[in-house]
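*Asks:* 3D model of this:
(chains A and B)
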Amino acid sequence: MTYEKFLNPDIVAVPPSGIRRFFDIAATMKDAISLGVGEPDFVTPYHIRNAAINSILDGETQYTGNRGLPGLLKEISFYLESRYGTKYDPAHEIMVTVGASEAIDIALRALVSAGDEVLVPEPSYVSYSPSVIFAGGKPVGVETTAEDEFRLTPEAVRKAITPRTKALILPYPNNPTGGIMPREDLEKLAEVIREKEIIVISDEIYSELTYGGVKHTSFASLPGMWDYTLTINGFSKAFAMTGWRVGYICGPAPMLDVMLKIHQYSILCAPRAGQVAAMEALRIGRDNGYEDVIRMRESYDRRRRLMVEGFRSMGLDCFEPLGAFYVFPSIKTTGLTSEEFCSRLLQEKKVACVPGTAFGACGEGHIRCSYATSIDKLNVALDKMADFVKNL
Amino acid sequence: MTKLEMDLLDLLREDCRLPLEKLAIMTGADIQEVAETIDRLEESRVILRYAPTINWDLTDRERVEAMIQVNTSPQRDTGFDAVAKRIYRFEEVKSVYLMSGSYDLLVLVEARTLKELALFVSSKLSTLETVTGTSTSFVLKRYKEEGVIFESEKTDNRLVISP
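*Replies:* Next up is the predicted model:
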């Protein structure tokens, strides 16, 4: 039986993730070193795991309210205000979601009508454009380049805006480039937003992971931008809590209320144990100055330097990433495409990276390497890659 | 302690074979500064030695270990230090700690055979005049040492590649 006539052709037409092919090959290689992992190599801190276990043992196994546990909403409100200077009322302007992924999805579904355009900077996280399509909209790529340190320029945004543009996704600190948007750059972008009046969906999931003394600036904290911004964040990266699936979205109540409707009908609530764990993460963090986060960030920072230096000493151009846990070196001088480079590297040296093109066509000529892996393995991988590049 | 000193201790504690260049890159300090800092840490006896953690059970060497709780009569002026010194000078003794609680010194001893170890306790340790009593516990199995788990290989539960 063919199912073609039953399936929605718009969804069928969405290409599968460019990561999948490499996953299929790498997963069969037992001794491959993977620099393709998009999650922390730390386990969730013990006290956080333990809080969830205790809640389960105490019988806290029911649904929570649609918005999330009131205690968690309060902690999130306090956290955002104290860390980034953004004020959100826990009762009306914050909602807990199943990871930041759900937040992206419902934000787009709440905003986009058929044919609306959403600006998606590229290279960026693989799910933005498909999510726009699933919401019935049209993703419009806005290229960023290594020359601009993969920052989003106001000119590029202005040029991409049409009368159909509803929103801009602002994915910084950025996966896959490690690029960040310092305050000055955000201020320039804010002028465009003020003038063109579009909504900014600011995905700040890597906000705790910035390096080189640059602190993350939340877009909603800029003068006048709160009204135009949906701020998305979560616990996966900062607290090493990927598998718990807890994120959140914050913004003006009229927008949140519409999203809440989608969330309550399709999801009901984020998992309770995950919410308890997240609440513990913020509560203890508030008391001890987020020492777990700092410990992990310092560890990433050392490895970040190691990787940048490693690629540069191979003769590859490597822009210095100041965020997330990825480096995005250029492999243009090798004459290979990103796909070829990654395929051959995997086959010949058993090192897995992700081709830059998986994150948008303009990622061509780059590869994404995650440094959320032990120093030992990074050193071995760098040696193997140096050998590979030398013998091309 | 400076941040560089702490960073270097963290890194060396995990892998003391990391070359100076890599340590310099990871800490963002220059290589000369790293070398000097490590020298200083060695001279001031913060870093005492660079030694691997070995799982002897996988080697051919016969080896028994025991933890001995030792009660002593502390001496005027030197307290427990004098007796501790007497004890740590025996080459069988790997570690000595002064403890709070129901005994005074915890002594970790290593020998080739059970007999050798028994002989150490009966003829060398118990006969010290300031030692008033001992209680010896043999190590049956080692699970974790210096933060390293012996048996299980650390498993990475993450997907090999993820977005």
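
*Asks:* For the rest of this, base every contact and every neighbour count on C-alpha atoms.
*Replies:* Fine.

*Asks:* Now A:Leu170, what are its backbone angles?
*Replies:* In terms of degrees, to the nearest 10, the main-chain angles of A:Leu170 are phi -120, psi 90.

*Asks:* I'd say it and A:Ile199 touch.
*Replies:* No. Using Cα atoms under 8 Å, A:Leu170 is not in contact with A:Ile199; the gap is 10.1 Å.

*Asks:* Ends of stretch A:359-370, what's the gap?
*Replies:* 14 Å (Cα to Cα, to the nearest Å).

*Asks:* Now stretch B:108-122: average pLDDT?
*Replies:* Here stretch B:108-122 scores 95 as its mean pLDDT.

*Asks:* same thing with stretch A:357-371?
*Replies:* 96.

*Asks:* Show me the helices in the chain, by range?
*Replies:* In the absence of a named chain, chain A is used. A:9-12, A:20-28, A:46-57, A:70-84, A:99-111, A:128-134, A:154-160, A:183-196, A:253-266, A:272-288, A:291-313, A:338-349, A:375-390 (DSSP state H).

*Asks:* wrong chain, I was asking about chain B
*Replies:* For chain B, applying DSSP H gives helices covering B:3-14, B:20-27, B:31-43, B:81-88, B:114-119.

*Asks:* Now for the nearest residue to A:Gly285 once chain neighbours are set aside, how many residues are close by?
*Replies:* Leaving aside its sequence neighbours, A:Gly285 sits nearest to A:Glu291 (Cα to Cα, 6 or more residues apart in numbering or on different chains; 6.7 Å). Per other Cα atoms under 10 Å in any protein chain shown, the neighbour tally for A:Glu291 reads 13.

*Asks:* Would you mind measuring from A:Glu291 to chain B?
*Replies:* For A:Glu291, the distance to chain B equals 15 Å [Cα to the nearest Cα, to the nearest Å].

*Asks:* Looks like that residue contacts A:Ile284 (just checking).
*Replies:* No. With contact defined as Cα under 8 Å, A:Glu291 does not count as touching A:Ile284 (9.1 Å).

*Asks:* what's the domain layout of chain B?
*Replies:* B:3-43, B:59-140 (automatic domain parsing).

*Asks:* Does chain A have contacts with the lowest-mean-pLDDT helix or strand in chain B?
*Replies:* For chain B, counting by mean pLDDT, DSSP states H and E, strand B:148-149 ranks last in confidence among helices and strands (a mean of 86). No. Residues of strand B:148-149 are not located near chain A by Cα under 8 Å from any Cα of the partner chain, the shortest gap being 14.5 Å.

*Asks:* Apart from its neighbours in sequence, what residue is nearest the residue nearest to the spatial centre of chain B?
*Replies:* Nearest residue to the geometric centre of chain B (Cα atoms, centre = their mean): B:Ser95, 6.6 Å. Spatial nearest neighbour of B:Ser95, excluding adjacent residues (Cα to Cα, 6+ apart): B:Leu108 at 5.0 Å.

*Asks:* The one you found: neighbour count?
*Replies:* As a burial measure, B:Leu108 scores 21 neighbours (other Cα under 10 Å).

*Asks:* Which strand residues bridge it?
*Replies:* Note on B:Leu108: beta-bridge partners B:Met67, B:Ser95, judged by DSSP bridges.

*Asks:* Is it correct that it is in contact with B:Gln69?
*Replies:* No. Between B:Leu108 and B:Gln69 there is no contact under Cα under 8 Å: 9.0 Å.

*Asks:* Can you report how many residues neighbour B:Ser102?
*Replies:* Neighbour number of B:Ser102 under other Cα under 10 Å is 9.

*Asks:* what's the answer for the one 5 residues further on, then?
*Replies:* Here the number of neighbours of B:Val107 (other Cα under 10 Å) works out to 23.

*Asks:* Show the model's pLDDT score for the spatially closest residue to it that is not a sequence neighbour.
*Replies:* Leaving aside its sequence neighbours, B:Val107 sits nearest to B:Val96 (Cα to Cα, 6+ apart; 4.6 Å). B:Val96 carries a pLDDT value of 97.

*Asks:* ok so, going back, any chance of the helices of chain A in JSON lines, with distance to B:Ile54 too?
*Replies:* Conversion of these to JSON lines gives the following (distance: least, Cα to Cα, whole Å):
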{"stretch": "helix A:9-12", "distance to B:Ile54": "55"}
{"stretch": "helix A:20-28", "distance to B:Ile54": "31"}
{"stretch": "helix A:46-57", "distance to B:Ile54": "27"}
{"stretch": "helix A:70-84", "distance to B:Ile54": "44"}
{"stretch": "helix A:99-111", "distance to B:Ile54": "42"}
{"stretch": "helix A:128-134", "distance to B:Ile54": "49"}
{"stretch": "helix A:154-160", "distance to B:Ile54": "58"}
{"stretch": "helix A:183-196", "distance to B:Ile54": "50"}
{"stretch": "helix A:253-266", "distance to B:Ile54": "53"}
{"stretch": "helix A:272-288", "distance to B:Ile54": "35"}
{"stretch": "helix A:291-313", "distance to B:Ile54": "25"}
{"stretch": "helix A:338-349", "distance to B:Ile54": "30"}
{"stretch": "helix A:375-390", "distance to B:Ile54": "18"}
